[in-house]
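Participant: sequence and predicted model, in that order:
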Amino acid sequence: MKPSNNIWSRRQQCPCGDWKCFIKYDGDDQISVRSQATKTDTVPSSSSEAVFTPYVGQIFKTDDDAFEYYSNFARRNGFSIRKARSTESQHLGIYRRDFVCYRSGFNQPRKKANVEHHRERKSVRCGCDAKLYLTKEIVDGVAQWYVSQFSNVHNHELLEDDQVRLLPAYRKIQEADQERILLLSKAGFPVNRIVKVLELEKGVQPGQLPFIEKDVRNFVRTCKKAVQENDALLSEKRENDMHELVETCKAMIDKDPNFIFDYTGDENGKVENIAWSYGESIRTYSVFGDVVTLDTTYRSVTYGLLLGVWFGIDNNGNAIIFGFVLLQDESSCSFAWALQTFVRFMRGRHPQTIITDIDPTLADAISKELSETKHVICTWHILSKISNWFSVPLGLQYADFRLEFNILCHLESIENFEHQWDLFVARFGLVSDKHIALLCSLRASWPLCYIKSYFVARSLTAEFSQSLDSTLKRILGSQTCLQGFFDQVGIAATSSMSAREGMHYMCVKTCMPIEEHARSILTPYAFNVFQNETVLSVQYAATELTNGSYLVQHYKKMDEERLVIWEPADEQIQCCCKEFEHSGILCRHSIRVLTMKNYFQLPMKYFLPRWRWESLLAPFDEQNPQSSSDECAQAFHSLAASLLTESLISKERFNYVHKELSGVLERVKNMEAVHEFGVNVAANNVNES
C-alpha cells in the first residue's frame, strides 16, 4: 500500500558502529506495551498464573476469554487446541463455540493433483475426543458463556514442555522480531544466519527461540513480494517528493529574496541531499552564530533521509533555527557536504563551537571541514544512551556506574580525569567494551575538563537540550509529505526568531553596585544567571597570594578552592573554573575578587554583546526599557513597603488598605494603555515629588 505520509523517528543505529547494536528511546515501545496491556485486561488468567482444569458450568465473560484460558491449560498439559464449529441464531447471534484438541477428527482425503509424483503428507489428526464446548446465555441482560461440555481424554501421547512449544499454535513471531527479520533479510542474510543472530541477541541457546527456522523462512517468503512492491513505491514517492521540495524552495525565493538553498543529485538526476536557510536566519547568525548546535537525532522512516537542524541560542536563552538539511545517508561525504553548504549559506563565517550528538563519522567530517571550530559532544545525548549500553550487562551495578560516570563528566582536571577513568573502567570490568572504547576515543569533546575553555553560551544546559528536543518533537509530530514538512519548519524557524522573553522588572537581591550595573546592561535571562553568581559570591572567602593572585574558597566546602588571577594593568581577571570562557558570564569567584578590589561596575569587556540588551535582534522600542522605568519601579517598591508596614498595625488598617488597593487595581486595568513617553513623564513626576 502506497504510504501517504512521511514518518519521522529517532535514529536507532548505535554510534558504536556495530550493526547489531540499536538504541531504544523513551516512548519507542509505548504502542506495543499499550496493546499488551489491553490484551492482558481481557484475559482472566495470564500464562504466568495457575490455570486450573476447566469444568462444566465454568463461566467466562467472552468466548475469547475461554479460548485463552483453555489454550493456556492445553500448553501446560502438552497439547494445543483449535476452534471447530460455531452455531448461530437470529436472536442470539453466535451462541455456541466448540474448541477441540489439535489432533481431533480425521483429514478428509483430497483430490490428487494431476502430477506424476504426488507427495503424501502425513496428518497429525487421530480422532482425539478432548474438547471444550461453550454455550452463551443472557443473565439480567448481560451475555455470558459457560462450559456445557468438557473432556480431557486424549488417545495420543501428550508432549513434554520442550516439545509442546514447537507446536504451530505456539510458534509466534512477535512484531519486534518481524521487523528485525525483515531488516536482516533485506541486508542479504540467509534464514539460518538470521536465526543465529536472533539467538545471540536474545541470549538463548540454539533452538530455544519461540519459533523455528521454517517459520522464519515462511514469513520472509510471504513478505518478500510485498516488501519489493513497497520499496518500489517508496523509491518513486521519495523521488517525486524531493523534486517537489526543490520546486518549493525555488518558489520560496519570490517570498524571501534572501532565502537560500542547495542540493545534490546523482547521475540519473535524482535529488540526494538538500539544505536550505532563511534570510532572517542568516541575519540572526551574524549576531548569535558563535555557537551552533547541529541536531541529527531524527530520520525519516518512510524515505530513510537523515534530518539535520542547525540551532543557536539568542540573548534571552531561546533556541533559534539557522537552517535545515536532509541527507540520503550518514556517510562522511554527506556530512562534509552539509557542513560546507551551511558555511556557504552563512557567508563563510565559521562558528567558534559546534555541538553535536555522539557520532564518529560526523566528528571526522567536522575535524576536516571546520578545523578551527571547537567540537563539543552534548553530554545530555550521551546520558540518554548509557542506559541502553550498560544497564543490562552491569545489572545491579548500573546505579553506581551512572553516579560515578556523572562525577567523571564534571571533573575539572584532565590529569585527574584520565586517572579516574582508568580506575572506573577497570572497576566495572569494561576494558574491552565497545561503547567505552567509543567514549574514550571521543573524550576530547565531552568531559568538562577538556571543553571548559570552549565557549558554548549555555547551550549545554539540560534546560536548553530539552527545549531543542521538544521543538523537534513538535515540528515532526505530524506525519506529512516533504512539502508539508517544509511549511512546518518554516513556521517553526520564523517563530523561533520572533520569540522574545517577556520584559519584566528585575529586582536586585544583594544591593551590590555590581549587580545594579549588570541589570542595566544584561537581558533578563543573562542577568538571572549573573545574579545567581553574585548572590553565591558572598559565600566565598578570598585570600591574596604573594604573586597577586587570589585563592577563593567556599566557607563550608573547603575542597572547592579556585585560583583567580588578577592583572590590574588591563583589568584582566581569570579564574581556573573557566566559567566566563565557557558561558560568557562572569563566575562567582571572579565577582568575589572584584568586590574586594572595590569595583562598583564591571569592565564592559565582561558583558559580552551577545548577552546585552542592545542585541541587533531586539527591535528599537524594546532596547533596554529598564533605564526608563527604574526610578518608577523603585518608587513603587518604597511606597508599597511603607504601606505594608502601616497596614499591619491593626486589622482595621489592613482591611481598609486591601479594599482600597483592590479598587485602584481594577480602575488601572480599565485605563487606556500608556505610551512609552508616559513612562518618562511618570519618572519625571517621581523625581519632582
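Facilitator: Received it, and whenever you're ready, just let me know what you need. No experiment lies behind these values; they were computed from the predicted model shown.

Participant: need the residue closest to the centroid of the chain.
Facilitator: The centroid of the chain falls nearest to residue 469 when counting by C-alpha atoms, centre = their mean (5.3 Å).

Participant: can you pull the contacts of it?
Facilitator: residue 297 (C-beta atoms under 8 Å, 6 or more residues apart in numbering). No exception for glycine: its C-beta is placed from N, CA and C like everyone else's.

Participant: tell me where the stretch 251-400 of the chain has helices.
Facilitator: 279-288, 332-345, 360-369, 379-394, 398-409 (DSSP state H, counting those that start in this stretch).

Participant: between the second one and helix 279-288, how big is the angle?
Facilitator: Yep, that's helix 332-345 we're talking about. 90 degrees (axes from the mean of the first three to the mean of the last three C-alpha atoms, to 10 degrees).

Participant: what angle separates helix 332-345 from helix 360-369?
Facilitator: 50 degrees.

Participant: please apply the same query to the last one.
Facilitator: Angular relation of helix 398-409 and helix 360-369 on a 0 to 180 degree scale: 10 degrees, by the same axes, to 10 degrees.

Participant: next structured bit after helix 398-409?
Facilitator: helix 414-427 (DSSP states H and E).

Participant: right, and the helices of the stretch 251-400 of the chain - which one's nearest residue 17?
Facilitator: Closest to residue 17 of these is helix 360-369 (C-beta to C-beta; 7.2 Å).

Participant: pLDDT of the closest one, averaged?
Facilitator: The pLDDT scores in helix 360-369 average 95.

Participant: what is it packed up against?
Facilitator: helix 332-345, strand 353-356, strand 374-377 (3 or more C-beta pairs under 8 Å, 6 or more residues apart in numbering; DSSP states H and E).

Participant: buried stuff in that helix?
Facilitator: Neighbour counts over helix 360-369 (16 or more other C-beta atoms under 10 Å) mark 361, 362, 363, 365, 366, 369 as buried.

Participant: can you pull the contacts of the fourth one?
Facilitator: Taking C-beta under 8 Å, 6+ apart, we find residue 365 in contact with 332, 335, 336, 338, 339.

Participant: could you find the closest non-adjacent residue to the last one?
Facilitator: Nearest residue to residue 339 in three dimensions, chain neighbours excluded: residue 369, at 4.2 Å (C-beta to C-beta, 6 or more residues apart in numbering).

Participant: ok, which of the helices of the stretch 251-400 of the chain comes nearest residue 60?
Facilitator: Nearest to residue 60, of all these, is helix 379-394, at 38.7 Å by C-beta to C-beta.

Participant: next, the angle helix 398-409 makes with the closest one.
Facilitator: 150 degrees.

Participant: helices or strands up against helix 379-394?
Facilitator: helix 398-409, helix 434-441, helix 462-476.

Participant: any buried residues in it, and which?
Facilitator: Here helix 379-394 shows 379, 380, 381, 382, 384, 385, 386, 388, 389, 390, 394 as buried, counting by 16+ other C-beta under 10 Å.

Participant: and if you look at stretch 528-547?
Facilitator: 529, 530, 531, 533, 534, 537, 540, 542.

Participant: same deal with stretch 283-296?
Facilitator: Those would be 284, 285, 287, 288, 289, 290, 291, 292, 293, 294, 295, 296, for stretch 283-296 by 16+ other C-beta under 10 Å.

Participant: what lies in contact with it?
Facilitator: By C-beta under 8 Å, 6+ apart, stretch 283-296 touches 11, 258, 306-315, 320, 322, 330, 346, 349, 351-357, 359, 362, 378, 455-457, 459, 468, 472, 497, 610, 615-617.

Participant: ok, the buried residues of helix 379-394 vs residue 148, which is closest?
Facilitator: Using C-beta to C-beta, the buried residues of helix 379-394 come closest to residue 148 at residue 388, 51.6 Å.

Participant: would you mind measuring from that closest one to residue 343?
Facilitator: Noted for residue 388: a distance of 34 Å to residue 343, by C-beta to C-beta, to the nearest Å.

Participant: which of the buried residues of helix 379-394 sit farthest apart?
Facilitator: 380 and 394 (21.0 Å).

Participant: does residue 508 count as helix, strand or coil?
Facilitator: Under DSSP: H, G, I helix; E, B strand; the rest coil, the three-state class of residue 508 is coil.
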